[in-house]
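Novice: Quick check, what structure comes out for this input:
(3 chains)
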Amino acid sequence: MVGYKQQPGKLPFSKPGSGGKNSFSKPIEENMIPSSQGGKLQQPWGSHRHDSLVSGQVIGKDTALVDGNWKVTGQAHYGDDVRIKGELIGRIVRSPHHYARVISIDCSRALKLPGVVAVATGVDAKNKFGVLPVTKDEHAMAVDKVRHAGDLVACVAAEDEATAREAERLIEVEYEILDSIHDMRDGLKDSVEPIHDRGKYHIGESNVQKRVFQEFGDVSGMLSSSVASYKEDWVFAGVNHAFTEPHAVVAHWDPTGRLTLYTPQQVPHYVHRALADVLEIPMHQINVHRTFVGGGFGGKSDPFPHEMCAAILARKSGRPVRITFDREEVYWVNRGRHPSRIEMNLHADGEGRICGIETDALIDGGAFASFGHVTTYYNGVLHTAPYEIGSFHYTGARVWTNKPASGAMRGHGAVNSRCAVEVGLDHLAEQLSVDPISLRLANLLPPHSSTITGFRVTSIGMRECLERVRQESGWTKKFRKLPLGKGIGVGCGFFISGSGLPIHWDPNKFPHATVHLKIDMDGGVTVHTGAAEIGQGSDTVVAQSVAEVLGLPLDMIRIKSRESDTSPVDLGSYSSRVTFMNANAAISAAMDIRNNLIDATAEITNSNKQGLIVGDRRIFQKSDPSVGVSYLEALHKAQEDRGALISSGAYRTPPMGKTHKGAAAGLAPAYSFSAYAAEVTVDVETGQINVEKVWAAHDCGKALNPLAVKGQIIGSCHMGMGQVLSEEMRYSRNGSLLNPDLLDYKIPSVHEMPEVTPIIVESNDPEGPFGAKEAGEGPLLPILPAVCNAVYDAIGVRPSELPLTPEKVFNLIEKRCKSEGILEPLHLSPPSLNYSDLQTTLENRASEHSSRDYSRRLDEERSEYYNGALFGLDPSIPPDQTDPSWAVRVTPDPSYLDDPRLAGSAWKHTERRKRGEVE
Amino acid sequence: MPPFKLHSPNSLEEAIEISREISESGLEFDWIAGGTDLIPNYKWHINVKSHVISLASVSELKELSTTHIGAMVRINELASDKHTHPVLAKAAESIASVMIRRSGTVGGNICLDTRCYWINQSESWRESIDWCHKCDCGTGADCRVIPNQNTLCVATYQADLAPVLMCLNSQIHIASPSGKRSMPISDFFKLDGMTRNVLKPGELITHITLPSDSKEWQGDYQKLRQRESWDFPEAGVAVLWKSNTEKEPIQLRVATTGLESIPMLHEDESKSAMENWEGDSSVDELAESIKKAVKPVKNTWFSPSYRRKMVKVLTKRACRGLLVS
Amino acid sequence: MVQYRLPMLPHPDEIEWTAEVNGAEITLHIENNAILLDVLREQVGSLGTKRGCDMGTCGCCSVLIDGDPRLSCLTLATEADGASITTVEGLSDGHHLHPIQQTFTEFGGSQCGFCTPGFLVVISALLSENSSPSDEEIKSAIEGNLCRCTGFQQIVDSVRAASDILVSGARVEDSTSPKSDPHPGFGEEV
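Specialist: Alright, predicted model coming up:
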């Protein structure tokens, strides 16, 4: 030990290559160290398994994105910024028809044009692909049929853009036009020529791609106990991600015959698989290089036909090929939020409990399946929490129509039905004459409980979100008390933090996320991860996790997340999984290295390793910080016999959930919760809504980077505001998309943006990295209903159609005026509220639940809690195992088909393979 | 961008000379001012000509004073110049976004091409609807808004400056190889969405002059749109008046934009309102009569019925200054 | 279907074009009807100037022409002939970032970063005209730029912070200055 006791302020000896700033280790920041470790960081939600890894470096501090300087200097290269010498420009020939059979394609005139190097058509790539293995229904280019205007027919590569565009015009395609369908309701009917043919799995002769039937809880009893109900037929327009970077791709076959595909992708691994299928080459022959991604939001997570086209053209021409979209083409690829028709029914009983939710969701999938299989489930199952409910009946159907395909978009499948639920709750509160926040607070599931569909919920910060929002917005002074035209409304959200099941493999065999670390003599840490940085800060959060565990400043971490050649397989950036899964994997990889360093330190200092802790670039005895070594000393010691330190860490979800068909949809290792209050001004003469202020509380478990969490919350508000106020993909009477551009696709400008107060609630999730959960998608959900409910508070009209353009609001106002015999909208009265006796009951129940929840979140030995306890059932046993009326049903009784709801009518069709059995 | 030859003259004389040469060789051309309207249209292959003459370097067209507004004055400059009539400045300030206003010009805004969901689309998009007769001449396409005909175009004029300039009774000045002419701006706009105005091939706007009494006119410009930035007016109403010493209006003009293929000066309606001015109730009647006078069609973001109803609200709001006495 | 589409060829005649781009005198042969954005990206090599919508809405292509922010996607290159053009690549002074570049990363002004060059160019012009703009002035200046990630709020925060730096006269640290020492001493330097 002698010799390792350092004098403060003295460098022990210099090491080669150590010259840098901050030559002295910073003392431990007690405020960053959790109280469970003897620090001063309060832990109202209890301790965490990662507490002992906190070194006080970066976790929980506002942190600039590690790739920020690339972006601000213009040196970040996105899809179209990849320039390879000798490149050709690719263009895509697209269908002018909504639905047609391709009779012939004549490329001869195009090929004769000087400068044209290669053309390709559907015959060049006949294998199907798709993001979900169960619904592969896409081709690189049309094989047989085009399914929407803008569908790919052929592609061409030429020396320059003008020649490529000219060649595009010279490719002559002969079509036989087929009857197209545009109204999603028509997709439920039998068709002479269904848009796809799924063989024996085809549902009748219809265009139903996926249908879901689910019943949980006491469905038959819900109506008898109901004293207040909400029923509304909602219509949601489709919206697009409208990221600022249009899709672009560069394909390059190198001299060894390997393909590198440069593409701004959220999910490089799926493209990797799809390319192998389509090109008929092994996956190891392909390197997928994710460029900087100019916004994703779910819209860059499918493998895309144009990516295949670039690879095919590059293969045929022997030259690199770059394809960049015009903005219009972004809308042809779409994968935006599904246009939907949702019938929402909510029932409350005399005690203000939500005794039933009945949802019927018909969603318009457009021409391809994309993520739609999952979306169909999400429209139902993702509103079975955060409230404890007496029964849940869901019928959902997704149909193909001749529109650009819908897919996954921020808040995947949860946004529209959540909006309907939260507006419905506002209506129930109105009918029951209670405060809508009190109603919610008296019906929340406790921490560590199970939802009616069997989701395992761990941490819940829902109550705190609602309470914070109520307090900070001045709710009690404003709700139902503001003058006509001014209103405040509340809405909540619930979202998955990562999807429980990896799509492509058995969850028990391979991890969801893997992170590799490599540290050599220079001391810098190279992190290999496949997490796709799309601007949300995934590189940063992975770097932060490693830095925290190793006690290093962020500038010593370098993230290599770009290439499939060097990154471990990762499921990419969707389902809000990256922070939860990749940071967990990164922590586990860093723990390995940390142990190496501690062992080395113990050896050098001849001290007991249990007493050693990791601080800022130093490992030392907790009891005597002067006994210790620098990070570089420990590293070099650890390297003595083995060279560079390497480690691998992985994350996989624990087994969970029920076993019924579809039980995996919506399963997640953790869930995020949020509550927003929005204050609006409505111009009662024009219907124009101005959202003035939003108080946005989100439970992200633990804000690893509060700056980024706030950015996600505010950005979600903006995007959600777009959907609620002005954004829609508007189709004409003949099915043409009228606004495939950024002028008529109306994203709110800076002037429409309210003042958002982000409120971070940290419920310290036991399985999340340092307690963290997602913050990228959940925060979008509450803004829609909060604005709708605020509009009601302002002018007493309940919207049921989005976007809520001034025109629609004006029509609602006119309707209300007419029904009340009022000539001048300015003479309308805003809604008012006199509490009923139930208000006190709810407040008392909320207060009891609050203490129940407080003890449950801290108690390690807590008991089971299954949804249903609020209705008098035994909380410790799944109710479907004790009460026959709570049985789970996933197919309808024949009697249901006598009078099905809209989407439910999809069950009238018989799957082809089962037809024999019935007929 | 389709190929065309660009000419960049440095003086008005040179510009007119080039235009004469092109016309004499039997070819067509477009003038380009700020480019914020023409370039998107060209990128979408809407009415592309083989020659384009840029006015960017023609300094004679950039003069700006209280009564003289050169055609090449940038909208931002007009909006921020302290001599600009306040209502005109308000209208200018409301145009599109600040970035568009930095490039866009007064002349270009007045000559803004009419707009329609079925025109302002890419070439391949228009192909998918079997073309549009306004911009795809020779295809024999029908109008998609008023179907089964291809003689009338109902594309909408969505520029903001014209109604204010009309109410200010400004004069528009035009030059061409065959000489100069001028007229009240209300006579400048003509017919339908295709013809748009009286400019003959080869003619260009050189400047606008405002009458010397324009400072005595006050009023307001009200505009309907979805967003505070970017959006074209779905309806725009300018109301300007001259008051006597008792602050009662003695002259009143109302003009609208964004509702038809040309901006409209509503002389009859204003006259009948002035004939028996009774404050509040006259404003109501005027607003109702303007609403009845406009005939929007379904080819922009909001529906025609909503836009008409809003014309009434906008007119009343533009008249607010008349009621504060 | 009959082909009515307009031809894209032949290529227009070329002209000589000179400009000072980010301080460097550049002479090129460009097609006479070329759009400035295309010239900057394809010929000058300013790939930091982004094409988002190509129609003047998103503002990603903004550059300074003689100090004035312009949409390069709607500007004919000839209009900038002989002009001084500043793109995002020209905002920093070597490795000293412009304050707005620094604060954009520190205050969350940039997420995916695709709209960032346009915002930076526009804001740098605002700040050089008015080093302490009000919130309203900031919003008016950026109303022509579209950001899909941030909801603008952290962009406005970044502008305020940059304004503070400018007003105080501080300078952003050179990004090449030494990073953290992996072999630090114990305690505080004395």
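
Novice: Next, count neighbours for the closest residue to A:F810 other than its chain neighbours.
Specialist: The shortest distance from A:F810 to any non-neighbouring residue, by C-beta to C-beta, 6 or more residues apart in numbering or on different chains, is to A:G687 (3.2 Å). Where you see a C-beta, it was placed from the backbone N, CA and C, and this is true even at glycine. Residues lying near A:G687 (other C-beta atoms under 10 Å in any protein chain shown) number 26.

Novice: so A:T375 sits in a helix?
Specialist: Yes. Applying DSSP: H, G, I helix; E, B strand; the rest coil, one finds A:T375 inside a helix.

Novice: hang on, the earlier thing: just checking, the residue nearest to A:F810 is part of a strand?
Specialist: No. Using three-state DSSP, the assignment for A:G687 is coil, not a strand.

Novice: In this model A:C817 seems to touch it, though I could be wrong.
Specialist: No. Using C-beta atoms under 8 Å, A:G687 is not in contact with A:C817; the gap is 12.0 Å.

Novice: where exactly do the helices run in the stretch 251-400 of chain A?
Specialist: Secondary structure of the stretch 251-400 of chain A by DSSP state H, counting those that start in this stretch: the helices cover A:268-279, A:305-317, A:327-333, A:372-381.

Novice: Residues contacting the second one, please?
Specialist: Residues lying outside helix A:305-317 but in contact with it, judged by C-beta atoms under 8 Å, 6 or more residues apart in numbering or on different chains, are A:88, A:90, A:92, A:117-118, A:120, A:124-125, A:129, A:138-141, A:152, A:155-157, A:247, A:249-253, A:259, A:261, A:263, A:271, A:274-275, A:278-279, A:320-323, A:325, A:333.

Novice: Which ones among the residues you listed map onto strands?
Specialist: A:88, A:90, A:92, A:117-118, A:120, A:152, A:155-157, A:249-253, A:259, A:261, A:263, A:321-323 (DSSP state E).

Novice: Can you narrow these down to the ones near chain B?
Specialist: Residues of these in contact with chain B (C-beta under 8 Å from any C-beta of the partner chain): none.

Novice: Just the buried ones among those residues, please.
Specialist: A:88, A:90, A:92, A:117-118, A:120, A:152, A:155-157, A:249-253, A:259, A:261, A:263, A:321-323 (16 or more other C-beta atoms under 10 Å in any protein chain shown).

Novice: In chain C, what residue comes closest to chain A?
Specialist: Closest approach between chain C and chain A, counting by C-beta to the nearest C-beta: C:G48, at 2.0 Å.

Novice: okay, now residue 177: neighbour count?
Specialist: Let's take chain A. Neighbour tally, A:I177, other C-beta under 10 Å: 12.

Novice: oops, I was thinking of chain C
Specialist: C:S177 is flanked by 9 other residues according to other C-beta under 10 Å.

Novice: Quick check: it touching A:G20?
Specialist: No. Using C-beta under 8 Å, C:S177 makes no contact with A:G20, being 9.4 Å away.

Novice: Which secondary structure state is assigned to B:S182?
Specialist: strand.

Novice: quick one: it from chain A, how far?
Specialist: Computed as C-beta to the nearest C-beta, to the nearest Å, the B:S182 to chain A distance reads 34 Å.

Novice: Quick check: phi and psi on residue 113?
Specialist: Using chain A. The phi/psi pair for A:L113 (degrees, to the nearest 10) reads phi -70, psi 130.

Novice: Contacts only, for it.
Specialist: A:A158, A:T163, A:E166, A:A167, A:L170, C:L9.

Novice: ok, now which ones touch the residue in chain C that chain B sits nearest to?
Specialist: Using C-beta to the nearest C-beta, the closest approach of chain C to chain B is made by C:G144 at 3.1 Å. The contact partners of C:G144, by C-beta under 8 Å, 6+ apart, come to B:A96, B:S97, B:V98, B:M99, B:I100, B:S229, B:W230, C:G59, C:S62, C:L71, C:V122.

Novice: Over to A:E30?
Specialist: A:G39, A:K40.

Novice: Ok, A:L501 next?
Specialist: A:L501 sits in contact with A:P507, A:T653, A:A664, A:L667, where contact means C-beta under 8 Å, 6+ apart.

Novice: now, which of the residues you listed lie within strands?
Specialist: Per DSSP E, these never map to strands.

Novice: Which of these are buried? Put it as a PyMOL command.
Specialist: In PyMOL syntax, the buried subset of those is picked out as below (16+ other C-beta under 10 Å):
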select buried, chain A and resi 507+653+664+667
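
Novice: if we can go back for a sec, checking the residue of chain C closest to chain A next. Helix, strand or coil?
Specialist: coil.

Novice: Without its sequence neighbours, what residue ends up closest to it?
Specialist: Nearest one to C:G48, counting by C-beta to C-beta, 6+ apart, is A:G74 at 2.0 Å.

Novice: Local confidence estimate at A:D144?
Specialist: pLDDT recorded at A:D144 is 95.

Novice: That one: neighbour count?
Specialist: 10.

Novice: Chain A contacts on the stretch 51-200 of chain B?
Specialist: B:S97, B:Y117, B:Q121, B:S122, B:S124, B:W125, B:E127, B:S128, B:I129, B:R144.
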